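Asks: Attaching a predicted model along with its sequence, questions to come.
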Number of protein chains: 2
Amino acid sequence: MAASRRSDCPISFALDAFGDRWTLLVIRDLLFKHKHRYSEFLVSEERMATNILADRLRKLEDAGMITRTKAARNAGGVTYELTEKGLDLAPLLVEMILWSAKHDAATAAEPEFVATALQDKQALLAAVTRL
Amino acid sequence: MAASRRSDCPISFALDAFGDRWTLLVIRDLLFKHKHRYSEFLVSEERMATNILADRLRKLEDAGMITRTKAARNAGGVTYELTEKGLDLAPLLVEMILWSAKHDAATAAEPEFVATALQDKQALLAAVTRL
DNA sequence: CTGTATCCTTAGGGATACTG
DNA sequence: CAGTATCCCTAAGGATACAG
């Protein structure tokens, strides 16, 4: 992705930034599933490969959509957090959920997830504007 | 795309449907640029290859997001139209535009495009609910 | 005009082993 | 725990020529 830039179109720009089948799953995990660690991202239902995950995390960091923080000595590990730029994808993700809820049987059968998204929408948008 | 289905997650479902670098450009052309013909899609700034375009048009039709209509004998050619399912992507596209407007210099420098999107948002959402 | 067909190249991705 | 490294393979994509 982010292959140089195909045009000045905003849709095209967005697709260059996250128009693939994996990137937004990482954002989803950060946004809705409150995951912050490499090992947590790995255990998703979609079974992302380790090299793919590492690649996407690096690209998201390069694009300024997440931050990577080496935790203090006593607390082990690395933590990923959304930046404002990443948080600003929340409305987009919510629209994806709503679209799927309307047009996909499996999603429609999961009213709790959709309800959560609808509740979160307010909270997330509030969080975004609060930044 | 649409490789069987990776999980029941709505985000994942949406990505399986249009999570690539080309599909949403076709939707954009239908939605914002009022293109309806194969030859029109081809002349975009992104220079889509003929085989890619044909592939995406077919997949979009298979997914029920667009219709393909052979025009009457006197009027030559084929016309593509968005279905309700395709039209329902309008809010998503608008969110993409707004995100790019905020985070991309080139987009921010195009206030007319963004303004159009904002105006269209109302009209498009009205159109969607009207269906 | 609306595509197919073909060729060929590259990028994406799965599996698995391994390292600081 | 947080990744790299490798291998190997398939799918995606560009170019171009051709067809109904």
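Replies: Perfect, thanks for sending it.
Asks: Next, please give the residue ranges for the strands of chain A.
Replies: A:66-70, A:78-82 (DSSP state E).
Asks: how near is A:Met48 to A:Lys70?
Replies: Computed with Cβ to Cβ, to the nearest Å, the distance linking A:Met48 and A:Lys70 is 22 Å. Every residue, glycine included, has its C-beta placed from N, CA and C.
Asks: Likewise for A:Leu31?
Replies: Counting by Cβ to Cβ, the gap from A:Leu31 to A:Lys70 is 22 Å.
Asks: same check, this time on A:Arg47
Replies: 27 Å.
Asks: what's the answer for A:Leu89, then?
Replies: Applying Cβ to Cβ to A:Leu89 and A:Lys70 gives a distance of 25 Å.
Asks: if you count what's nearby, which of A:Met48 and A:Lys70 comes out ahead?
Replies: A:Met48 (20 against 10; other Cβ atoms under 10 Å in any protein chain shown).
Asks: just to revisit the earlier point, out of the strands of chain A, flag the one nearest DNA strand C.
Replies: strand A:78-82 (9.7 Å; Cβ to the nearest atom of the strand).
Asks: quick one: strands adjacent to that closest one?
Replies: Note on strand A:78-82: by DSSP bridges, its sheet partners are strand A:66-70 (antiparallel).
Asks: In the partner strand, which residues are buried?
Replies: The neighbour-count check on strand A:66-70 (16 or more other Cβ atoms under 10 Å in any protein chain shown) flags A:Ile66 as buried.
Asks: can you check stretch A:105-125 too?
Replies: Buried, per 16+ other Cβ under 10 Å, within stretch A:105-125: A:Thr107, A:Glu110, A:Phe113, A:Val114, A:Ala117, A:Asp120, A:Lys121, A:Leu124.
Asks: out of those, which one sits closest to DNA strand D?
Replies: Once Cβ to the nearest atom of the strand is applied, the member of the buried residues of stretch A:105-125 that ends up nearest DNA strand D is A:Thr107, at 21.8 Å.
Asks: That closest one touches A:Val114, doesn't it?
Replies: Yes. Applying Cβ atoms under 8 Å, one finds A:Thr107 in contact with A:Val114, separated by 7.0 Å.
Asks: and for those two, which residues touch both?
Replies: A:Ile97, A:Ala101, B:Pro10 (Cβ atoms under 8 Å, 6 or more residues apart in numbering or on different chains).
Asks: Point out where chain A drops to low pLDDT.
Replies: A:1-3, A:72-76, A:123-131 (pLDDT under 70).
Asks: Could you list the domains of it?
Replies: As recorded under automatic domain parsing, the domains making up chain A are A:8-83, A:89-131.
Asks: Would you mind saying which of those lies nearest DNA strand D?
Replies: DNA strand D lies closest to domain A:8-83 among these, at 2.7 Å (Cβ to the nearest atom of the strand).
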